[in-house]
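In: Quick check, what structure comes out for this input:
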Amino acid sequence: MATVLVLVTTADGAADKVSLQALTLGRGLAAGGPVHALVIGDEGAAAGLGPWGATHVHVARHPELDAGTTAPDAWGRILDDLAASLGAGIVVGPGTETGNTVVARAAARAGLPFAANCTSVAAGDPVTVTRVRWGGSLLEEAAIHADRAMLTVAPHAIVASEAGGTAAVEAFTPALDDADLAVRVVGTVPAPTGGVSLADAKVVVSGGRGAGSAEGFAPIVDLAGLLGAAVGCSRAVTIAGWRPHTEQVGQTGTKIAPDLYIACGISGATQHLAGCKGAKRILAINKDPEATIMSAADYAVIGDLHEVVPAISAEIRRVRGL
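Out: Residues are numbered from 1 along each chain as shown. Next up is the predicted model:
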């Protein structure tokens, strides 16, 4: 039975959603054995990991690494050193920008292969994985031939679930030098959303090239407001400058998993579908019945979004008596 170590990244003093998904995967790989979790800097998040399956939580304390500071090389060294000291056979991280960056650095330090964005993992000798490749256009099945499997879980590929239990929390001071701390992210500027977060929204209404212009997004924004939804868009829209990159859904944007995704005037490029494949239901509105997104949609409306979307909004207002 392999010892499992999970890198946990945090937000607002608690483990972020993808880290909880990584913990759920790690718990399954441990098959009843111990699950070690690593938290760096944010000690307040440690106590909440027991119910999610962690049996041991290691908190790295360092004066240069508080809860708001990420130093990729330092984090990679801490993860690699802890994995070596525990004799971990499997290291799992969240498939986020931070998670992929840190696990990749830890793997490089140890001279090990790294499998990013895994959708499923089977423990064994060797560990086997299925992972997203080529912008989400295919799934690759691969075996990791190494003494330690280094991998990250693709966002929303695993449903995070609680298991109950408590975790023993142990703080330690990692061995770091100036080179490890040369590059640091000391703060982030949140994107101005003014509404529902795209990553957390239960409903997302997106527009594509079919919107025609920045002004053409008005009915999309109106419908999103009626539904309490987040506004999204395709890459073509951000390139045209109609909407900000923070609203982009896709492989190079935000990966989402809403209950309902309404795609208006979006053709459905591979990279876009990779970002919205986690949606429980997809409603596509497009005047081209052969658009690629139609094959991924649960419901489809063939028509011009500038006619269909305002009609949906008008009916919602009528039913609500607005």
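
In: contacts and neighbour counts: CA atoms only from here.
Out: Fine.

In: Quick check: residue 18 vs residue 72, distance?
Out: Using CA to CA, to the nearest Å, one gets 18 Å for the distance from residue 18 to residue 72.

In: So if I had to pick from the two, which one is more boxed in?
Out: The neighbour comparison of residue 18 against residue 72 (other CA atoms under 10 Å) goes to residue 18, with 26 against 23.

In: where does that one land on pLDDT?
Out: Looking at residue 18, its pLDDT stands at 93.

In: Which residue ranges make up each domain of the chain?
Out: Following automatic domain parsing, the chain resolves into domains at 4-181, 203-320.

In: a markdown table for those domains, including distance to residue 196?
Out: As requested, those are arranged in a markdown table below (distance: least, CA to CA, whole Å):
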| stretch | distance to residue 196 |
| --- | --- |
| domain 4-181 | 17 |
| domain 203-320 | 5 |
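
In: Of all the ones you listed, which one is nearest residue 187?
Out: The closest of the domains of the chain to residue 187 is domain 4-181. By CA to CA, the value is 6.1 Å.

In: Ok, which of the domains of the chain comes nearest residue 197?
Out: Once those are compared by CA to CA, domain 203-320 is nearest, at 6.3 Å.

In: start to end distance for that closest one?
Out: End-to-end distance of domain 203-320 (CA to CA): 18 Å.

In: ok now that domain, how far from the chain's centre?
Out: On the basis of CA atoms, centre = their mean, to the nearest Å, domain 203-320 sits 20 Å off its chain's mean C-alpha point.

In: switch to numbering from 27
Out: In the new count, where the first residue is 27, that last one comes out as domain 229-346.

In: can you list the weak-confidence ranges in the stretch 177-326 of the chain?
Out: Within the stretch 177-326 of the chain, the stretches with pLDDT under 70 are 215-221.

In: hmm, 80 instead?
Out: 212-222 (pLDDT under 80).

In: Strands of that one, residue ranges please.
Out: 194-198, 229-233, 256-259, 286-290, 307-312, 325-328 (DSSP state E, counting those that start in this stretch).

In: can you put the ones you listed in a markdown table and add mean neighbour count and distance to residue 38?
Out: What follows is those, written out as a markdown table (neighbours: other CA atoms under 10 Å; distance: least, CA to CA, whole Å):
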| stretch | mean neighbour count | distance to residue 38 |
| --- | --- | --- |
| strand 194-198 | 15 | 19 |
| strand 229-233 | 27 | 23 |
| strand 256-259 | 29 | 21 |
| strand 286-290 | 27 | 26 |
| strand 307-312 | 24 | 29 |
| strand 325-328 | 16 | 37 |
